[in-house]
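>>> mind folding the following:
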Amino acid sequence: MSDLRSIIYDAGVPVEGHFIFADGDHALIKLEMDTLWHHPKELGIVLDALAVAERLPQPDVILGVPTGGQKLADELVKSGRLSIPIAYLERVPGGTKQDFRFVSKQDEELASAATHIRIYEDVVTTLSSIAGVVKLLNPEQQEIHSLAIWRRGVVKEVYRVGVQDHYLVEEVMPSFAPGICPYPGCKKR
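Numbering: from 1, shown residues only. Alright, predicted model coming up:
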């Protein structure tokens with residue numbers, strides 16, 4: 001979907017600079033998906049593509065990885081693009097970036113009863129956040145698909161267990177171990 005890539009670029013989502021990610025890797029380009037929310041036309045096109053989700057089965061319930069994916073799931077339903085129930089998640093206080101729990105017992109029951117589940121995310125690097133959501137589900141009895149706007153890194157196969165991952169745009173943005181960061185002013189740690 002090269003035109004979606006152009007639309008996202010036009011909205012100013014890729015930002016150049018020196019960035020240090022949660023895993024300690026450094027990068028010279030970061031995808032700032034929150035910028036997309038300030039460009040309603042471009043956001044609408046991306047949301048339409050997420051709602052259509054070509055080649056994916058119709059889900060019984062949707063989930064969003066907190067916070068970016070949750071924001072997408074909420075907007076897809078609020079805008080009327082999807083009329084599918086949402087099971088809400090939150091990060092576990094004091095947990096790792098991939099530790100989630102259901103917000104309520106009703107959310108857990110809704111997700112547990114579903115046969116087909118779709119998990120939304122804005123940006124995927126390794127797929128670890130999606131894997132954190134899949135841990136709350138039952139992949140042996142549920143068909144689980146994830147759909148993200150952008151895959152920016154190399155997915156680790158260990159995180160693909162129990163989920164089929166899909167992306168609107170797949171363009172790897174290079175990242176570097178701290179010791180080999182090419183940014184001139186980088187303080188290597």
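>>> how near is residue 112 to residue 61?
Between residue 112 and residue 61 the computed distance is 9 Å (CB to CB, to the nearest Å). Every residue, glycine included, has its C-beta placed from N, CA and C.
>>> these two: who's more crowded?
residue 61 (22 against 15; other CB atoms under 10 Å).
>>> where's that one relative to residue 70, distance?
13 Å.
>>> repeat that for residue 101.
Taking CB to CB, one finds residue 101 at 13 Å from residue 70.
>>> same deal with residue 39?
Taking CB to CB as the measure, residue 39 falls 20 Å from residue 70.
>>> and for residue 101 and residue 70, which residues touch both?
Residues touching both residue 101 and residue 70 by CB atoms under 8 Å, 6 or more residues apart in numbering: residue 89.
>>> more neighbours: those two, which one.
Per other CB under 10 Å, whichever of residue 101 and residue 70 has more neighbours is residue 70, with 21 against 14.
>>> so the more buried one is in which element?
Following DSSP states H and E, one finds residue 70 within helix 68-78.
>>> what of residue 107?
Using DSSP H and E, residue 107 sits within helix 105-113.
>>> what residues of the helix ranked longest in the chain count as buried?
If you go by DSSP state H, the chain has its longest helix at helix 40-52. Across helix 40-52, burial judged by 16 or more other CB atoms under 10 Å covers 42, 43, 45, 46, 47, 49, 50, 51.
>>> what is the mean pLDDT for it?
Averaged across helix 40-52, pLDDT comes to 96.
>>> for stretch 69-86, same thing?
97.
>>> repeat that for stretch 10-20.
The model assigns stretch 10-20 a mean pLDDT of 92.
>>> what's next to it, contact-wise?
Counting by CB under 8 Å, 6+ apart, 8, 26-33, 35-36, 38-39, 42-43, 173, 178, 181, 183, 185-186 sit against stretch 10-20.
>>> okay, now the unreliable bits of the protein?
Along the chain, the parts satisfying pLDDT under 70 run over 1-2, 188-189.
>>> how is the residue nearest in space to the middle of it assigned, secondary-structure-wise?
Compute the mean C-alpha point of the chain, and by CA atoms, centre = their mean the closest residue is residue 121, 1.9 Å away. Classification of residue 121 using DSSP: H, G, I helix; E, B strand; the rest coil returns strand.
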